[in-house]
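**Student:** okay, sequence plus prediction incoming.
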Amino acid sequence: MINEMHKVFAQIFGTDSTPEAFFAPGRVNLIGEHTDHEGGFVFPCAIDFGIYALAAKRPDNKLCMYSLNFDKDYNSPFEILLDDVHENLNINRSWVNYPLGVVSVLKSHGYKFNSGINILYAGNLPDGAGLSSSAAIEVLTAKIFSELESFNIDGVTAAKFSQEAENNFVGMHCGIMDQFAVSMGKKNHAVLLNCSSLEYSYAPLELGSCRIIITNSNVPHSLVGSEYNLRRQQCEAALADIQRVKDIKCLCDLTLDELDEYSYLVSESVNLKRAHHAVSENARAVRASQALRSGNLKTFGRLMNASHVSLRDNYEVTVPELDILAKLAWNMPGVIGSRMTGGGFGGCTVSIVEESAVKNFIESIGADYEKLTGRKAAFYTTGSRDGAGRI
Ligand code: GLA
């Protein structure tokens with residue numbers, strides 16, 4: 001991929017400068033879904049698929065960017081003066097809004113650019129599959145600017161800036177999980193992140209003879225401005241109701257018993273269901289990470305399954321295709337656990353599968369899924385890797 005990119009870079013941007021290579025992985029969340037925006041725990045890892053970039057400084061003050069994935073209809077890069085990047089831009093070559101968002105956030109934090117930059121992006125992350133291609137391009141851009149301009153932005157700050165870009169520039173009110181996993185992932189480990197304090201620890205991803213399989217339902221997920229933001233509002237409403245009596249900062253400050261005790265305060269039953277998901281999922285994420293650390297994969301798998309049930313019945317962010325994929329997996333020998341992963345409304349499931357059962361998993365779930373939905377699923381086997389940076 002990189003060799004091919006070097007050729008294209010020279011064609012598009014000329015040969016005056018030698019670009020440097022960067023990579024940002026996507027992420028898969030093992031458990032702890034829709035808890036990040038409620039101040040809870042998440043347990044994701046960075047995956048083998050991601051986005052590569054070649055970048056070099058320019059002698060002027062222009063940012064010039066080209067994507068091999070999204071710019072097939074354009075024969076020249078997108079160009080903008082760095083001085084002209086600000087929060088209210090909305091460019092219809094839509095992918096550029098992600099890197100522009102990061103540039104805008106860097107400027108708002110007082111970073112000054114000494115020169116322009118040429119960037120070529122190319123990735124192997126399926127788009128719209130909920131594996132964090134947007135976080136990957138954001139964090140990648142933050143790392144490129146940090147390295148080429150010697151800003152020395154650390155990984156946690158790069159994640160925060162990228163989330164800010166997504167919230168304020170793209171308009172998706174996501175939590176910090178995706179950007180954090182992409183920036184701070186560690187090879188052969190999952191990250192247990194407390195999204196309230198941003199304290200984190202790495203848990204060895206010791207899966208023995210098992211593999212992580214991501215199954216793409218090929219139902220494109222669309223989150224921006226829609227159901228995702230609505231779920232957040234419903235959680236906020238439940239929190240505000242409970243805060244009338246109980247001094248808490250976020251829903252995940254509550255145990256399940258406490259939520260039960262104060263449930264009479266929540267005025268809408270749908271909001272209580274959302275809160276129930278967040279609080280129970282937070283407890284599951286903690287238990288699951290402990291189970292993994294003590295080598296208890298069976299418990300880990302059952303908690304993954306329970307997470308799916310709660311996302312289906314209480315948070316209501318699965319779609320029939322994801323439910324079908326999860327159920328097919330639950331009924332298959334050699335599957336430790338399976339659940340939808342990411343924001344929902346389409347996208348992927350993540351399953352832990354015995355290596356000896358992987359072939360059968362892919363063949364028979366692939367066939368049954370197509371029979372039941374008319375869609376073809378795609379399967380990816382992944383390890384976990386380090387977060388974004390120079391390669
Ligand atoms: C999306 C968001 C994340 C997180 C997940 C659900 O991926 O970007 O912040 O909320 O959904 O866990």
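**Tutor:** Everything's here; your move. Here the structure is a predicted model, which is why all the values come from computation and not from measurement.

**Student:** C-alpha only now, for contacts and for neighbours.
**Tutor:** Fine.

**Student:** does residue 195 touch residue 43 like I think?
**Tutor:** No. Residue 195 is not in contact with residue 43 according to C-alpha atoms under 8 Å; the separation is 10.5 Å.

**Student:** can you verify my assumption that residue 391 contacts residue 23?
**Tutor:** Yes. Shown here, residue 391 and residue 23 form a contact pair, counting by C-alpha under 8 Å, at 6.4 Å.

**Student:** of the two, who's got more company?
**Tutor:** With other C-alpha atoms under 10 Å as the criterion, residue 391 and residue 23 differ in neighbour count, and residue 23 comes out ahead with 27 against 10.

**Student:** quick check, the more buried one in a strand?
**Tutor:** Yes. Per DSSP: H, G, I helix; E, B strand; the rest coil, residue 23 lies within a strand segment.

**Student:** got the contact list for it?
**Tutor:** The neighbourhood of residue 23, defined by C-alpha atoms under 8 Å, 6 or more residues apart in numbering, consists of 50-53, 140, 388-391.

**Student:** OK, now which residue of the stretch 51-200 of the chain is nearest to the ligand?
**Tutor:** The shortest separation between the stretch 51-200 of the chain and the ligand is 3.5 Å, found at residue 175 (distances taken as C-alpha to the nearest ligand atom).

**Student:** so who does the closest residue to that residue other than its chain neighbours touch?
**Tutor:** Taking C-alpha to C-alpha, 6 or more residues apart in numbering, and ignoring the residues beside it in sequence, residue 175 has residue 37 as its nearest neighbour in space, at 4.7 Å. Residue 37 sits next to 174-176, 195, 232 when contact means C-alpha under 8 Å, 6+ apart.

**Student:** so for the strand or helix carrying residue 306, mean pLDDT?
**Tutor:** Taking DSSP states H and E as the criterion, the element that holds residue 306 is helix 297-313. Across helix 297-313, the average pLDDT comes to 98.

**Student:** so residue 306 versus residue 380, what's the distance?
**Tutor:** Residue 306 sits 23 Å away from residue 380, taking C-alpha to C-alpha, to the nearest Å as the criterion.

**Student:** which one of these two has more residues nearby?
**Tutor:** Neighbours per residue (other C-alpha under 10 Å) separate residue 306 from residue 380, with residue 306 holding more: 19 against 14.

**Student:** residues in the stretch 101-250 of the chain within reach of the ligand, list them.
**Tutor:** Within the stretch 101-250 of the chain, the positions lying close to the ligand (C-alpha under 6 Å from any ligand atom) are 174-178.

**Student:** need the contacts of residue 37 in JSON lines (columns: distance to residue 348, secondary structure and pLDDT).
**Tutor:** Shown next, in JSON lines, are those (distance: C-alpha to C-alpha, whole Å; DSSP: H, G, I helix; E, B strand; the rest coil; pLDDT from 0 to 100):
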{"residue": "174", "distance to residue 348": "18", "secondary structure": "coil", "pLDDT": "94"}
{"residue": "175", "distance to residue 348": "19", "secondary structure": "coil", "pLDDT": "97"}
{"residue": "176", "distance to residue 348": "19", "secondary structure": "coil", "pLDDT": "98"}
{"residue": "195", "distance to residue 348": "23", "secondary structure": "coil", "pLDDT": "98"}
{"residue": "232", "distance to residue 348": "21", "secondary structure": "helix", "pLDDT": "95"}
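
**Student:** now that we have those, which one has the most neighbours?
**Tutor:** Neighbour max across these (other C-alpha under 10 Å) = residue 176, 24 neighbours.

**Student:** and it, what are its phi and psi?
**Tutor:** According to degrees, to the nearest 10, the main-chain angles of residue 176 amount to phi -100, psi 0.

**Student:** find the nearest non-adjacent residue to it, please.
**Tutor:** Of all residues not flanking residue 176 in the chain, residue 163 sits nearest, at 5.9 Å (C-alpha to C-alpha, 6+ apart).

**Student:** and for the one you found, the neighbour number?
**Tutor:** Counted by other C-alpha under 10 Å, the residues lying close to residue 163 total 29.

**Student:** mind checking what secondary structure it has?
**Tutor:** Under three-state DSSP, the three-state class of residue 163 is helix.

**Student:** my read is that it contacts residue 172, right?
**Tutor:** No. In this structure, residue 163 sits apart from residue 172 without contact. The criterion is C-alpha under 8 Å, and the distance is 9.2 Å.

**Student:** before we move on, back to that, that's a strand at the residue nearest to residue 175, yeah?
**Tutor:** No. Counting by three-state DSSP, residue 37 is not found in a strand; it is helix.

**Student:** so what touches whichever helix in the chain runs longest?
**Tutor:** When the chain is parsed with DSSP state H, its longest helix is helix 269-293. By C-alpha under 8 Å, 6+ apart, the surrounding residues in contact with helix 269-293 are 31-35, 38, 40-43, 192, 203-206, 231, 234-235, 237-239, 251-252, 254-256, 259, 263, 266, 297, 299-300, 303-304, 307, 310-311, 314-315.

**Student:** now restrict these to buried residues only.
**Tutor:** In terms of neighbour count (16 or more other C-alpha atoms under 10 Å), the buried residues within the contacts of helix 269-293 are 31-35, 38, 40-43, 192, 203-206, 231, 234-235, 237-239, 251-252, 254, 256, 259, 263, 266, 297, 299-300, 303-304, 307, 310-311, 314-315.

**Student:** in helices, which of these fall?
**Tutor:** Going by DSSP H, the helices hold 231, 234-235, 237-239, 256, 259, 297, 299-300, 303-304, 307, 310-311 from these.
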